[in-house]
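# sequence and predicted structure, then a few things I'm wondering about:
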Amino acid sequence: MPIKVTLNVVMAQRNVKSKELAAYIGMSEQNLSILKTGKIKGMRFSTLEKICEYLKCKPGDIMDYEEE
């Protein structure tokens with residue numbers, strides 16, 4: 001998949017634990033783990049918005065496009 005998720009990098013830079021972020025966005029830690037590894041097929045904009053709000057970042061900070 002050409003979309004690379006870098007959420008784990010941003011979380012580490014901001015010293016945010018998965019448990020904290022999952023609770024804030026209303027997602028289980030297991031689903032957040034799937035998101036962090038890039039194994040998801042899609043994400044709601046409302047979820048993306050909450051992640052960016054909590055991490056004080058832009059969508060491009062947690063996702064990137066890489067040509068295959």
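In hand now; what should we look at? Numbers count the residues shown, from 1 in each chain.
# mind listing what's buried along the helix of greatest length in the chain?
Counting residues, the longest helix found in the chain (DSSP state H) is helix 45-55. The neighbour-count check on helix 45-55 (16 or more other Cβ atoms under 10 Å) flags 47, 50, 51, 52, 54, 55 as buried. The way it works is simple: take the backbone N, C-alpha and C, and place the C-beta from them, glycine included.
# give me the contacts around it.
7, 10-11, 14, 16, 21, 24-27, 57-59, 61-62 (Cβ atoms under 8 Å, 6 or more residues apart in numbering).
# from these, which would you call buried?
Buried, going by 16+ other Cβ under 10 Å: 7, 10, 11, 21, 25, 27, 57, 61, 62, out of these.
# please tabulate those residues in TSV, including the columns distance to residue 41, secondary structure and pLDDT.
Output for those, formatted as TSV (distance: Cβ to Cβ, whole Å; DSSP: H, G, I helix; E, B strand; the rest coil; pLDDT from 0 to 100):
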residue	distance to residue 41	secondary structure	pLDDT
7	16	helix	96
10	21	helix	97
11	21	helix	97
21	20	helix	98
25	18	helix	96
27	15	coil	95
57	22	coil	97
61	21	helix	96
62	17	helix	95
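# farthest pair within these?
The span of those, defined through Cβ to Cβ, is set by 27 and 61 at 18.5 Å.
# what about the chain, any weak spots by pLDDT?
1 (pLDDT under 70).
# how about the contacts made by the closest residue in space to residue 28 that isn't next to it in sequence?
Spatial nearest neighbour of residue 28, chain neighbours left out: residue 22 (6.3 Å); criterion: Cβ to Cβ, 6 or more residues apart in numbering. Contact partners of residue 22, counting by Cβ under 8 Å, 6+ apart, are 28, 29, 31, 32.
# helix or strand: which one has residue 64?
strand 63-65 (DSSP states H and E).
# what's in contact with that strand?
Strand 63-65 is contacted from outside by 2, 3, 4, 5, 6, 7, using Cβ under 8 Å, 6+ apart.
# recalculate using a threshold of 7 Å.
Applying Cβ atoms under 7 Å, 6 or more residues apart in numbering, the contact partners of strand 63-65 are 2, 3, 4, 5, 6.
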